[in-house]
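K.L.:
Give me a model of this one.
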Amino acid sequence: MTDTLRRTPLFSQHQALNARFTPFGEWEMPLQYSSILQEHHAVRQRVGMFDISHMGKFLLHGAGVHAALQVLVPTDLSRLRAGQAKYTVLLNEAGGIVDDVILYIEEAAVRCIVNAATAAKDMAWLRRYLPPECEIVDESATKVLLAVQGPAATATLDPLCADSLAPLKPYRHRAVKILGQPAWVARTGYTGEDGVEILVDSDTGERLWQALLEAGVTPCGLGARDTLRLEAAMLLYGQDMDEETTPLEAGLEWLIDWQKRTFVGREALSRQKQEGIERQLVGLELQGKGIARHDYPIYWQAQAVGKVTSGTLSPTLGNAIALGYVFPEFANVGRELTVQVRDRHVPAVVVPRPFYRRPR
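P.N.:
Down below sits the predicted model:
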């Protein structure tokens, strides 16, 4: 690792657990502690925790901040009330995805959690479009953000909280006290499992990490985070989408409220919707031995029809899965294709997304 990589406030905790580290953007982050497979299964079957303090954490407030955001995202925020959250995207004028974010609505503010690698870009984007009376407080360096995920997540956390988290519904958030200290908790995550994300100060974050370890929670790194999110077909910014990708291509049209007359990128998206897209995101299940990796070509017979963006051997399903872009005429579910894995063409079929849904 180089000395230029940033570290979260919990870095010494990860060292004490003999974590294996990896560069992730500008950060030195835990890749795994035990094994990716064990950490993955811990989240699917019980409960695991991730240090996600590297993510950008902005608090937007000021007169008219809710109305100002309405024209900055394609999603209708007008029906959201304090305590609710919404996944959406920031777009450029060409309709390309600047970043995918979650907005958490408060009475007089909006909390915005953004990807670590795009935090500086997102800050500049927000400052460019928000009116001067809207202030942006960057909490990225001063707060610890933990994701506690899995079917036993809230039950494990409840003994540490002043009030039970069980009544908190998905995509809801509220202030609580954890270990007697102020905390903010949201029922959101990036694993396809039940769970919460917790924002606290650095000292409380270290105490909470230790308390969760003592409660039997499995520490998990970026390796398991990637296999979990891919099973749930959650996109990774910079890999499955970027500024050259539109929501229509990425299967995110459900984020667009076409009744909104004005939002950044609307004209370009309207034109693309009318003219049609040139590529479309699909889920692939490989039928033979081999794992599809980023940029592996996708074929129909001898014709190259697309590229893989993410791929792994699914620990839960036991077979290789992938996301990729293909020409729209090859995107129908059931379409048989192949993925070139090194010097072999491995049979694959287009399947519905997500690959995995948690039991209800």
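K.L.:
all contacts plus neighbour counts: C-alpha atoms, from now on.
P.N.:
Will do.
K.L.:
Quick check: mean pLDDT of stretch 70-79?
P.N.:
Mean pLDDT, computed over stretch 70-79, is 95.
K.L.:
contacts for that stretch?
P.N.:
For stretch 70-79, the external contacting residues (C-alpha atoms under 8 Å, 6 or more residues apart in numbering) are 66-67, 69, 86, 88-91, 129, 255-258, 260, 262-264, 266.
K.L.:
Distance check, residue 188 against residue 196.
P.N.:
5 Å (C-alpha to C-alpha, to the nearest Å).
K.L.:
follow-up on the earlier one: just the buried members of the contacts of stretch 70-79?
P.N.:
66, 69, 86, 88-91, 255-256, 258, 263-264, 266 (16 or more other C-alpha atoms under 10 Å).
K.L.:
Now distance to residue 205 and secondary structure too, for those residues, in CSV please.
P.N.:
Compiled in CSV, those are given as follows (distance: C-alpha to C-alpha, whole Å; DSSP: H, G, I helix; E, B strand; the rest coil):
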residue, distance to residue 205, secondary structure
66, 30, helix
69, 30, helix
86, 25, strand
88, 27, strand
89, 28, strand
90, 29, strand
91, 33, strand
255, 33, helix
256, 36, coil
258, 41, coil
263, 37, coil
264, 37, coil
266, 40, helix
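K.L.:
Kindly present these as CSV, with separate columns for distance to residue 170.
P.N.:
Putting these into CSV (distance: C-alpha to C-alpha, whole Å) gives the following:
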residue, distance to residue 170
66, 21
69, 22
86, 10
88, 15
89, 19
90, 22
91, 25
255, 17
256, 21
258, 25
263, 27
264, 28
266, 29
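K.L.:
Outline the domain layout of this protein.
P.N.:
Following automatic domain parsing, one finds the domains of the chain at 11-52+141-231, 57-138, 278-360.
K.L.:
first vs last residue of the shortest one, how far apart are they?
P.N.:
Think domain 57-138. 6 Å.
K.L.:
Now do it: distance to the chain's middle.
P.N.:
16 Å (C-alpha atoms, centre = their mean, to the nearest Å).
K.L.:
How about stretch 342-357?
P.N.:
Using C-alpha atoms, centre = their mean, the offset of stretch 342-357 from its chain centre is 21 Å.
K.L.:
which parts of it are buried?
P.N.:
In stretch 342-357, counting by 16+ other C-alpha under 10 Å, buried: 345, 346, 347, 348, 349, 350, 351, 353, 355, 356.
K.L.:
now, among these, which is nearest to residue 166?
P.N.:
residue 356 (23.3 Å; C-alpha to C-alpha).
K.L.:
that's a strand at that closest one, yeah?
P.N.:
No - counting by DSSP: H, G, I helix; E, B strand; the rest coil, residue 356 is not part of a strand but coil.
K.L.:
Enumerate every residue touching it.
P.N.:
So residue 356 contacts 192, 231, 232, 233, 317 (C-alpha under 8 Å, 6+ apart).
K.L.:
okay, it: pLDDT?
P.N.:
Reported pLDDT for residue 356: 98.
K.L.:
Then residue 3?
P.N.:
64.
K.L.:
hmm, back to that, out of the domains of the chain, which gets nearest to residue 271?
P.N.:
Between the domains of the chain, domain 57-138 lies closest to residue 271; by C-alpha to C-alpha that is 9.9 Å.
K.L.:
returning to that earlier point: closest one to residue 243 among the domains of the chain?
P.N.:
Distance to residue 243, taken as C-alpha to C-alpha, is lowest for domain 57-138 among those, at 4.3 Å.
K.L.:
which residues in the stretch 1-150 of the chain form helices?
P.N.:
11-16, 36-45, 65-70, 119-129 (DSSP state H, counting those that start in this stretch).
K.L.:
Low-confidence ranges, this structure, go.
P.N.:
Scanning the chain for pLDDT under 70 picks out 1-3.
K.L.:
then the longest strand along it to CSV, C-alphas only?
P.N.:
As assigned by DSSP state E, the longest strand anywhere in the chain is strand 303-313. The C-alpha coordinates for strand 303-313 follow below in CSV (Å, rounded to 0.1, in the frame of the first residue of the first chain):
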residue,chain,number,x,y,z
GLN,A,303,-21.1,-12.0,-33.5
ALA,A,304,-19.8,-9.9,-30.6
VAL,A,305,-23.0,-8.3,-29.1
GLY,A,306,-21.8,-6.8,-25.9
LYS,A,307,-19.5,-6.9,-22.9
VAL,A,308,-19.6,-8.1,-19.3
THR,A,309,-19.4,-5.3,-16.6
SER,A,310,-19.5,-7.5,-13.4
GLY,A,311,-19.2,-11.2,-12.8
THR,A,312,-18.6,-13.7,-10.0
LEU,A,313,-19.3,-17.2,-8.9
